[in-house]
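Asks: Need coordinates for the below:
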Amino acid sequence: MQLREVLSFGGLKTATVAAGIDGLDLTIESVSVLEIAEESISSWTLNNQLYITSFYAICDDIEMQKTVIRTLSRCGCCGLVICHIEYVLHQIDPSIINLCNDLHFPLIIANTDTSFIEIINPIYSRLSNPDPSTKETLIRSDFIDLLTSERSTSEILKALAFKVGYAISFLDIHFNFLYSNKDEIQKERESLYLKEATGWKSMDIPHLHYCIMESPGNAMPTMIYYIKKGGNLFGFICIEFQPGDTVEHVLAIADTINLPCALLINKIQKISRVEADYQQTFFSDLLVWNFRSNETALARAKELGYSLLEIHHVIVVNLNALQAASEKERELVNYIQRWFLPNVEQIVQSYSHENILHFRSDIFLILISNQTSEEQMYQIADRIVQLFANSKVTSVSVGISMPMKKFTEIPRAYNEAFDIAILGRTLLGMNQVANFEKLGMLHHLKAMRNSSHIVYLCQQIVHPLQVYDESKNSELVKTAHVLFACNLDVQQSAEKLHIHRNTLLYRKKLIQDIMGYDAFSLPYSYNFMAALFVIDLQ
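Replies: All right, here's what the predicted structure looks like:
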C-alpha cells in the first residue's frame, strides 16, 4: 500500500502534508509510535515503516528534530506523522520543512484532536486484512463485545468505523446520523441525497440493496448501502470509495458490517419506542392535566428533560392533510417525521432550548418558554408556515394561545391554540397564523352552538333567507357570508362569488327586503353576522 492511500481513510483523512510530497508514492508496510526521539533509533527502525510522534521530549530542540528526521530517512522509513501539534510543537520550524523537502521525506500533520490509536488501527486493519471478506469474523466478534458493553452507540460505531478503515457514515431510517467520521458538508450531501432519493412514499425494501452517489469534481463517489435484516430496513451506511476500489470491494465491506449494524439499530429502535411511548403518555396526560399533583407533573417533565415552570404560550400547528387514517396519510406522517420534524425542531430550538416540541399524529405542539419573546414566538409560527407553504406537501393552520400565568394552565392554552387554529383555517384560509387574543370572541361565539336557545334564535334570524334559497334555488345566505367576509366590499364580494357587481347589489337589496330591515348596518349587522357565524358551524 502506498503512503498516499493512508491519507484517504481513518485518522489521517483530515491530515495535511507539510513537506516531502514527492515521497507519497513510497510503500508502507507497518506503522509505529516513535517514543524515543534521538539518533539511536537507527538500531531498531524498520524499512517502509510510518512513524507517529508528537516530539514532546524534543519540542524545543530543532536540531534534534532534524537528526531524527535524517535518521528515519536514511533507514528507509516512509514518513513521519506529527500529532497534537497545537498542544506540543505549536508550529513546524521552516528549516524542518526545507529538510523534509530536500530528503523527499513525507512530513504529515495530523488533526490536533486525532489520537495515535485513531491513526494506527485503520492502517493495521488494512495492512493485515486487505481483503474485507477475511475480516468478517473478526469484526463481528469485536462488535458483539462492544454491543454488550456499556459504551454509547456513537462509541460503538466509531470503533467499527476504525476497524473497517473507511470514511463512513451510519444513519437511521429517519436520516439521523448515528456516527460519521466525515465533515459537515459531506454529511449534509448524504442526508439530502437520501431524502430526495426516497421521497415520502414507502421504500421498496425487498429490492433496494445499494446505490452510488457521485461526488462533485474529482472527489470519490459514495456507496449508499441499505441496512436490512429479515426484509426490514434499519438504516443506511454511506461508504466513500478509496482509490482503486471496485463496487464489489466496497459492497463486500458493507455486507460484512450489515448484521452488526442491524443488531445495534434494532436495539436503539426498541429503546426509542419505549421512550416515545413514555413521551406520548406524558403529553396525553399533560393536555388534560391527568396528574396526582403539580409536583408529579414537574417530576415527569424533568425525566424527559423538560421544564414547565417558564412556559407562557402554546402554539399548535395543525397539518391539514392528516385528517384520516388511510395508507396515504400514514406514509405522509412518516415523511413529515423524517423530513419536516428536524426542520421544525431546528426553528423552535434556535430561539431557546427551553422551548418544547412534540409531534402528535396530525399536529406539532410547541410550548414557548420565557426565554423566547412574544415577537420571536410569532417568528417561529411564521417560519413554520413558510416551511410548509414552500413544500406544498400539506397546508398548515397555526393557532397561538392567550398568555399563561402558571404552568397548570397548559391544558386551557392548548385548547385555545387548537380551536383557534381550526377556526383560523375557516376564516383566514390555509397557511395562516391565528391568535386567540385577536379572534377569541369568535371562539366564544362558536361555543354558543352548545346552547339550544341561542341556536334557535340564530336559526330564526336566518330562516327567511333559507326558505327563499330553497324555493328559488338562490344563494342569499352564501352572499351574506361573503359580504361580511369581504368587509361589505361590493367589488371584492362579486369577484369572489363570480357574479357581476350589479347582481350582488340586487342580492343585497333583496336580503334587506326579505328580512324587513337593513341587516348590514349597525346595530342589526352585529346580530346578523353572529347568527350567520353560529349557523355556519352547525
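Asks: Leu80 should be in a helix, yeah?
Replies: No. Read with DSSP: H, G, I helix; E, B strand; the rest coil, Leu80 is strand and lies in no helix.
Asks: what are the bridge partners for the nearest residue to it once chain neighbours are set aside, then?
Replies: Leaving aside its chain neighbours, Leu80 sits nearest to Tyr51 (5.2 Å; criterion: CB to CB, 6 or more residues apart in numbering). (C-beta placed from N, C-alpha, C; glycine too.) Beta-bridge partners recorded for Tyr51 (DSSP bridges): Ser32, Leu80.
Asks: Report the contact partners of Tyr51.
Replies: Tyr51 is in contact with Val31, Ser32, Val33, Leu34, Thr45, Leu72, Cys77, Gly79, Leu80, Val81, counting by CB atoms under 8 Å, 6 or more residues apart in numbering.
Asks: Show me how to select, in ChimeraX, the buried members of those residues.
Replies: For the buried members of the contacts of Tyr51, the matching ChimeraX selection, counting by 16 or more other CB atoms under 10 Å, is:
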select :31,32,34,45,72,77,79,80,81
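Asks: Next, work out how far apart the residue nearest to Leu80 and Ile356 are.
Replies: 53 Å (CB to CB, to the nearest Å).
Asks: If I look at the residue nearest to Leu80, what pLDDT would I see?
Replies: Looking at Tyr51, its pLDDT is 90.
Asks: same question, the one 3 residues further on
Replies: Reading off the confidence values, Ser54 has pLDDT 86.
Asks: Please apply the same query to Phe162.
Replies: According to the per-residue confidence, Phe162 scores 81 in pLDDT.
Asks: list the helices and strands whichever strand or helix holds it packs on?
Replies: Using DSSP states H and E, the element containing Phe162 is helix 153-164. Helices and strands touching helix 153-164, by 3 or more CB pairs under 8 Å, 6 or more residues apart in numbering; DSSP states H and E, are helix 116-128, helix 136-147, strand 168-172, strand 177-180, helix 247-286.
Asks: could I get those as CSV with distance to Gly10 and mean neighbour count?
Replies: Listed next are the helices and strands packed on helix 153-164 as CSV, based on distance: least, CB to CB, whole Å; neighbours: other CB atoms under 10 Å:
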stretch, distance to Gly10, mean neighbour count
helix 116-128, 3, 19
helix 136-147, 15, 15
strand 168-172, 10, 23
strand 177-180, 14, 18
helix 247-286, 14, 16
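Asks: weakest of the ones you listed in terms of mean pLDDT?
Replies: helix 136-147 - the lowest mean pLDDT of these, at a mean of 56.
Asks: from the chain's centre, how far out does the helix holding Phe162 sit?
Replies: 22 Å (CA atoms, centre = their mean, to the nearest Å).
Asks: quick one, it and helix 247-286 angle?
Replies: 180 degrees (axes from the mean of the first three to the mean of the last three CA atoms, to 10 degrees).
Asks: Thr408 - nearest residue in space that isn't next to it in sequence?
Replies: Asn294 (6.3 Å).
Asks: burial count for that neighbour?
Replies: Counted with other CB atoms under 10 Å, the neighbours of Asn294 add up to 13.
Asks: Kindly state the pLDDT recorded for it?
Replies: Reported pLDDT for Asn294: 94.
Asks: likewise the one 4 residues further on?
Replies: In this prediction, Leu298 carries a pLDDT score of 94.
Asks: what's near enough to touch it?
Replies: Leu298 neighbours (CB under 8 Å, 6+ apart): Leu308, Leu309, Phe407.
Asks: For it, give its distance to Leu304.
Replies: From Leu298 to Leu304 the distance is 11 Å (CB to CB).
Asks: quick one, what contacts Ser395?
Replies: So Ser395 contacts Asn320, Ala321, Phe388, Ala389, Met430, Asn431 (CB under 8 Å, 6+ apart).
Asks: and the fourth one, backbone torsions?
Replies: Think Ala389. phi -60, psi -40 (degrees, to the nearest 10).
Asks: what do you get for the last one?
Replies: Geometry field for Asn431 lists phi and psi as phi 50, psi 50, criterion degrees, to the nearest 10.
Asks: is it true that it touches Leu387?
Replies: No. Counting by CB atoms under 8 Å, Asn431 sits too far from Leu387 to count as a contact (10.1 Å).
Asks: His209: neighbour count?
Replies: His209: 11 neighbours (other CB under 10 Å).
Asks: Give the closest residue to it in space, chain neighbours not counted.
Replies: Tyr226 (6.2 Å).
Asks: and that neighbour, bridged to which residues?
Replies: According to DSSP bridges, beta-bridge pairing links Tyr226 with Phe236.
Asks: burial count for it?
Replies: 20.
Asks: For the stretch 401-538 of the chain, which segments count as strands?
Replies: Applying DSSP state E, counting those that start in this stretch to the stretch 401-538 of the chain gives strands spanning 432-435.
Asks: now swap in the stretch 1-150 of the chain and tell me
Replies: 16-19, 30-33, 49-53, 79-82, 107-109.
Asks: which helices and strands does the fourth one pack with?
Replies: By that I understand strand 79-82. Checking 3+ CB pairs under 8 Å, 6+ apart, strand 79-82 ends up next to strand 49-53, strand 107-109.
Asks: nearest to Arg449, of these?
Replies: Shortest distance between Arg449 and these, using CB to CB, is found for strand 107-109: 74.0 Å.
Asks: just for the stretch 51-200 of the chain, where's the confidence low?
Replies: Along the stretch 51-200 of the chain, the model assigns pLDDT under 70 to residues 125, 128-150, 197-200.
Asks: before we move on, which element is the residue nearest the centre of the chain in?
Replies: With distances taken as CA atoms, centre = their mean, Pro342 lies nearest the centre of the chain, 2.8 Å away. Assigned by DSSP H and E, Pro342 belongs to helix 341-351.
Asks: Let's see that helix as PDB, backbone CA atoms only.
Replies: Only the C-alpha atoms of helix 341-351 are listed here, as PDB (Å, rounded to 0.1, in the frame of the first residue of the first chain):
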ATOM      1  CA  LEU A 341     -39.700  17.300  12.100                       C
ATOM      2  CA  PRO A 342     -36.000  18.000  12.200                       C
ATOM      3  CA  ASN A 343     -36.500  21.300  10.400                       C
ATOM      4  CA  VAL A 344     -39.400  22.400  12.700                       C
ATOM      5  CA  GLU A 345     -37.200  21.400  15.700                       C
ATOM      6  CA  GLN A 346     -34.400  23.500  14.400                       C
ATOM      7  CA  ILE A 347     -36.700  26.500  14.100                       C
ATOM      8  CA  VAL A 348     -38.200  26.100  17.600                       C
ATOM      9  CA  GLN A 349     -34.800  25.400  19.300                       C
ATOM     10  CA  SER A 350     -33.000  28.200  17.500                       C
ATOM     11  CA  TYR A 351     -34.800  30.700  19.700                       C
END
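Asks: Buried residues in it, which are they?
Replies: In terms of neighbour count (16+ other CB under 10 Å), helix 341-351 has its buried residues at Val344, Ile347, Val348, Tyr351.
Asks: Export these to JSON lines and append columns for pLDDT.
Replies: Below are these laid out as JSON lines (pLDDT from 0 to 100):
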{"residue": "Val344", "pLDDT": "94"}
{"residue": "Ile347", "pLDDT": "95"}
{"residue": "Val348", "pLDDT": "96"}
{"residue": "Tyr351", "pLDDT": "95"}
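Asks: now those in a markdown table, with distance to Leu439?
Replies: Formatted as a markdown table, the buried residues of helix 341-351 follow (distance: CB to CB, whole Å):
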| residue | distance to Leu439 |
| --- | --- |
| Val344 | 24 |
| Ile347 | 24 |
| Val348 | 23 |
| Tyr351 | 24 |
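Asks: Please identify which of the residues you listed is nearest to Val288.
Replies: Val348 (23.1 Å).
Asks: Tell me the spacing between that closest one and Ile366.
Replies: In this view, Val348 and Ile366 are 6 Å apart by CB to CB.
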